[in-house]
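> Need a 3D model of the following:
(one chain, ligands or ions: 1)
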Amino acid sequence: MTKRALITGITGQDGAYLARLLLDEGYEVFGAYRRSASLTTWRLNEIGALDHVKFEPFELAEYNNILRTLTKIEPDEVYNLAAQSFVGVSFEQPLYTSNIDGIGVTRLLEAIRTVNPNMKMYQASTSEMFGKVQAVPQSENTPFYPRSPYGVAKLYAHWMSVNYRESHDMFTVSGILFNHESPLRGLEFVTRKITSTLARISIDGRGELELGNLNAQRDWGFAGDYMRAAFLMMQQEIAQDFVIASGRTHSVRDFVNAAANALDMEIDWSGENENEVGRNKKTGDVVVRVNPKFWRPAEVELLLGDPSKAREILGWQAEVSFEDLVSKMVVADIKNVEEGRLPSRSLE
Ligand code: NAP
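Just a heads-up that it's a prediction; the model follows:
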């Protein structure tokens, strides 16, 4: 019989890649979306999944809405990707973030337990739960130390998922995913901000890229690879949690250099802290500037994941390298600029 999957957060980056993968695997895919004035469908459209996903209005803040959705669809697998996913925003909206990313997950778990505890659930956990890292690299056994309301809320949800597995014998898995990017990444996230702004500068020679902490180091991978890992976790006999990462770390400055490189641009860095600037070596123009407005009240300096467990048990490994990922994003953003598909300035 055709399997049914419900994806919450269908309009986001991961929702698109996961929908494509599950459709290719022969699933009937239900996309849970948040009602708003305009539904964000461009990602699903881009990936060729828009016409094949069945949409259901869904709100993680509403227990009865979750209950009705599960009762109506009766999915075999629920992938909970919905979240207030911006770390920076979570410092400004800690209560909202806790409600959606934390308690929202308990609502979902409780609704599954009520409707049919045999439904499997995937929870989108995050490397931000490691925050002020207690060991390098970080594995499934590394103690957590979140540094943002987002990380704290996600950690609560993570333990709730473990708790429902252990207390109610439910199949709940958490993927502790390190940063993953793609041409479908939201423009507000630092990687996409870098590729879209530099693509624009390389084409019309105008504009500056404003960034926060250039020294922050992240373990970056490709979203398509990471959604394959999420799917594999749900196909195991035994429910358990996995770290999904590339096993390599790069600074934000490295990301800028790689993006510039893909655009045949070389950056000369000078100055320190908030006075650091990056100049286009050819023209001497400042193209990158540090703006302390983007610094966070508590920074996560270094994330580096150890994906050995996923490699051994799931047979998973990242297929797209850091360099290929950056280049994929740059190529897509050049096309976006040329076709007038990017806003001419960032919202911040
Ligand atoms: P994203 O692009 O920001 O997508 C988030 C999705 O959640 C959007 O579809 C959004 O809908 C939906 N949503 C937000 N609030 C909701 C609510 N109250 N009720 C129902 N839906 C709601 O995020 P992503 O990059 O795809 O990430 C997917 C998940 O993985 C998130 O939970 C994120 O925290 C987690 N994660 C991401 C990364 C990463 O590097 N990408 C790493 C680790 C974990 P709208 O379109 O209406 O806003």
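
> Can you measure across stretch 82-92, start residue to end residue?
19 Å (Cα to Cα, to the nearest Å).

> Briefly note if that stretch comes near the ligand.
Yes. Contact between stretch 82-92 and the ligand, assessed by Cβ under 6 Å from any ligand atom, occurs at 82, 83, 84, 85. The way it works is simple: take the backbone N, C-alpha and C, and place the C-beta from them, glycine included.

> To which secondary structure element is the first one assigned?
Residue 82 belongs to no helix or strand when elements are defined using DSSP states H and E.

> wait, it sits on residue 122?
No. Counting by Cβ atoms under 8 Å, residue 82 stays clear of residue 122, with 11.8 Å between them.

> Using ChimeraX, define a selection of the buried residues within the residues of stretch 82-92 next to the ligand.
Selection of buried members from the residues of stretch 82-92 next to the ligand for ChimeraX, criterion 16 or more other Cβ atoms under 10 Å:
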select :82,83,84,85
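
> wait, which of the residues of stretch 82-92 next to the ligand is closest to residue 237?
residue 82 (27.1 Å; Cβ to Cβ).

> what sits against that closest one?
8, 9, 12, 32, 34, 58, 60, 100, 104 (Cβ atoms under 8 Å, 6 or more residues apart in numbering).

> which one of those is nearest residue 198?
residue 12 (23.5 Å).

> Neighbours of the closest one, how many?
23 (other Cβ atoms under 10 Å).

> Same check on residue 272?
8.

> Can you give me the pLDDT of it?
In this prediction, residue 272 carries a pLDDT score of 93.

> try residue 347
50.

> ditto for residue 344
61.

> check contacts around residue 123.
Contacts of residue 123 (Cβ under 8 Å, 6+ apart): 80, 105, 157, 158, 161, 172, 173, 174, 175.

> Return the subset of the residues you listed lying in helices.
Among these, the ones falling in helices (DSSP state H) are 105, 157, 158, 161.

> And residue 303, how far from the ligand?
10 Å (Cβ to the nearest ligand atom, to the nearest Å).

> Can you report how many residues neighbour that residue?
23.

> OK, contacts around it?
Residues near residue 303 by Cβ under 8 Å, 6+ apart: 127, 130, 133, 138, 178, 179, 217, 218, 219, 249.

> Got the phi and psi for the residue of the stretch 1-150 of the chain at minimum distance from the ligand?
Relative to the ligand, the nearest point of the stretch 1-150 of the chain is residue 12 (2.1 Å; Cβ to the nearest ligand atom). In terms of degrees, to the nearest 10, the main-chain angles of residue 12 are phi -90, psi 180.

> Report the contact partners of it.
Contacts of residue 12 by Cβ under 8 Å, 6+ apart are 43, 81, 82, 85, 186.

> Touching, the first one and residue 185? I think so.
Yep, that's residue 43 we're talking about. No. The pair residue 43 / residue 185 is not scored as a contact, 9.5 Å apart, by Cβ under 8 Å.

> what touches both of these two?
residue 13.

> so which helix or strand takes in residue 125?
For residue 125, the enclosing helix or strand under DSSP H and E is strand 120-126.

> Pull up the pairing partners for that strand, direction included.
Neighbouring strands of strand 120-126 in its sheet, by DSSP bridges, are strand 77-80 (parallel), strand 172-177 (parallel).

> And the average pLDDT for it is what?
On average, strand 120-126 scores 98.

> That's all I had, so thanks and see you.
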